[in-house]
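Undergrad: Return a 3D structure for these sequence lines:
(one chain, ligands or ions: 1)
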Amino acid sequence: MYTQTGRMASVKPSGTLRIAEIANKLKAEGRNIISFTVGEPDFNTPRHIIDAAHRAMLDGFTHYTPAAGIPELREAVANKSINENRLPATAANVMVSPTKQAIFSAILANVEGGNEVVISNPAWVSYEPAIAIAGGRAVEVPLTGDDFRMTPESVMEGVTPGTKMIILNSPSNPTGGVARLEDLKGIADIATDHDLLVLSDEIYEKLVFEGEHHSIASLPGMFERTITVNGLSKSYAMTGWRIGWAVAPEVILRDMIRIQEHSLTCCTSFAQKGAVAALTGDQSELRNMVSRFAQRRKLVMDKLSQIDGMHAKPPAGAFYLFPKFDYGMTSRQFTEYLLSEANVAVMPGSAFGSAGEGHVRMSFATSEANIETGFDAVAKAVSRL
Ligand SMILES: Cc1ncc(COP(=O)(O)O)c(C=O)c1O
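TA: Just a heads-up that it's a prediction; the model follows:
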């Protein structure tokens, strides 16, 4: 007979998937729903990346690879990490893994019964469940200001003798916030003083519109205690390829690779060849996609200014708008209102933590036409409130 384990009982279903399910049901009923829910670029993967993977398949590169990834991809990631992120990395510091899986392995390898992990509130939806599955406890700390800073002061509020790890995510999903160097320096001091690990999720690194991206592992003394995760999904329009990586000191990476050996085995062989082409080949399509996102960011801010009762600062990074609304509803009620009255799907802010209440997340990784029509429909629907 089935009895749920205590471990799984503590894992909540993803609030983001629930709304996508309702939206899909309405679509199946024939409603034309415009969706701002998805966290993936609507662009196709650049052709030269597809060609490299295709060639690899035709050449018979269709077998298992080493668990940590093919040497040339580990090398390419190490070079990227040295040149762009100023990390003292070699190929031996790299594990190729889907970013979400890399995060999961980092947490599973390092967090156990009773350990606490400091995360922001709001935060991306999958940190807390991974911590719970590992037997740890997420300690949420609030973000500061309308640019959603994770400050050293707020991190300190969450640090106790039971803290094992701090998770950072810049640029952030869902807020679009980009960490300031001064905040990272303060958080680095806390990690050093309290002997904590840092998991730095930098998957939106290429999407920075204001300020600059900094990797905390590049700060003095931080490489040895930081697991930096990144990947190709968002920047190269490669969500379905499932290629990302973790960069960490070998002693930390060893256990994460062991988890991968006994679970995923390895990333898809030919997808890894495509990833090498992405990192080492022509970057002009990446630049085009980033500039399209920058234009859409302007467009969503312009459209938002025409909606009464919704406010946001332009997001500094990622492709999410996280506006506050003042219609006297919960974010779930407002999301359901927009679905039924505007045929528009957005994410309730509360899906990302209690501090997301009063907000919705709107992804602008969708076409300009959808942004025009969808925001107009929202403006019309809220004018009736
Ligand atoms: C903040 C953040 N980290 C990690 C991931 C996982 O990325 P991937 O789908 O490439 O594993 C996502 C995807 O939405 C994300 O938003």
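
Undergrad: all contacts plus neighbour counts: C-alpha atoms, from now on.
TA: Fine.

Undergrad: Looking at the stretch 251-385 of the chain, what residue ends up closest to the ligand?
TA: Going by C-alpha to the nearest ligand atom, the ligand is nearest to A318 of the stretch 251-385 of the chain, at 8.8 Å.

Undergrad: Correct me if wrong: that residue contacts S172.
TA: Yes - using C-alpha atoms under 8 Å, A318 is in contact with S172, at 6.6 Å.

Undergrad: where are the low-confidence patches of this structure?
TA: Within the chain, the ranges that satisfy pLDDT under 70 run 16.

Undergrad: Those residues of it touching the ligand, which are they?
TA: 39, 98-100, 124, 173, 201, 203, 231, 233, 239, 242 (C-alpha under 6 Å from any ligand atom).

Undergrad: quick one: contacts for T175?
TA: 122, 147-148, 315, 320-322, 361 (C-alpha atoms under 8 Å, 6 or more residues apart in numbering).

Undergrad: hmm, try it at 10 Å
TA: 122-124, 143, 146-149, 312, 315-323, 349, 352, 356, 359-362 (C-alpha atoms under 10 Å, 6 or more residues apart in numbering).

Undergrad: check which helix or strand covers it.
TA: For T175, there is no host helix or strand (DSSP states H and E).

Undergrad: For I167, which non-adjacent residue is spatially closest?
TA: In space, and not counting its chain neighbours, I167 is closest to L199: 4.7 Å by C-alpha to C-alpha, 6 or more residues apart in numbering.

Undergrad: quick check, the one you found in a helix?
TA: No - going by DSSP: H, G, I helix; E, B strand; the rest coil, the assignment for L199 is strand, not a helix.

Undergrad: Helices of this structure, residue ranges please.
TA: Counting by DSSP state H, the chain has helices at residues 6-9, 15-28, 47-58, 71-85, 99-110, 127-133, 152-158, 181-193, 250-261, 269-280, 284-304, 331-342, 368-383.

Undergrad: Redo the ones you listed as TSV? Include distance to L168 and mean neighbour count.
TA: As requested, the helices of the chain are arranged in TSV below (distance: least, C-alpha to C-alpha, whole Å; neighbours: other C-alpha atoms under 10 Å):
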stretch	distance to L168	mean neighbour count
helix 6-9	24	11
helix 15-28	20	16
helix 47-58	30	16
helix 71-85	15	19
helix 99-110	11	23
helix 127-133	10	22
helix 152-158	10	17
helix 181-193	9	17
helix 250-261	18	19
helix 269-280	24	22
helix 284-304	23	17
helix 331-342	25	19
helix 368-383	29	17
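
Undergrad: With distance to I227 as extra columns, can I get those in TSV?
TA: Below are the helices of the chain laid out as TSV (distance: least, C-alpha to C-alpha, whole Å):
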stretch	distance to I227
helix 6-9	25
helix 15-28	26
helix 47-58	27
helix 71-85	12
helix 99-110	7
helix 127-133	14
helix 152-158	18
helix 181-193	13
helix 250-261	8
helix 269-280	20
helix 284-304	25
helix 331-342	33
helix 368-383	36
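
Undergrad: List the single closest residue to A248 in space, sequence neighbours excluded.
TA: A248 sits nearest to I227 (C-alpha to C-alpha, 6+ apart), 4.7 Å away.

Undergrad: and the one you found, bridged to which residues?
TA: L199 (DSSP bridges).

Undergrad: hang on, it packs against T99?
TA: No - counting by C-alpha atoms under 10 Å, T99 is not a contact partner of I227; they are 11.8 Å apart.

Undergrad: who touches both of these two?
TA: With C-alpha under 10 Å, 6+ apart, I227 and T99 have common neighbours 201, 245-246.

Undergrad: just those now: which is nearest the ligand?
TA: For the shared contacts of I227 and T99, the minimum distance to the ligand (C-alpha to the nearest ligand atom) is 5.9 Å, reached by D201.
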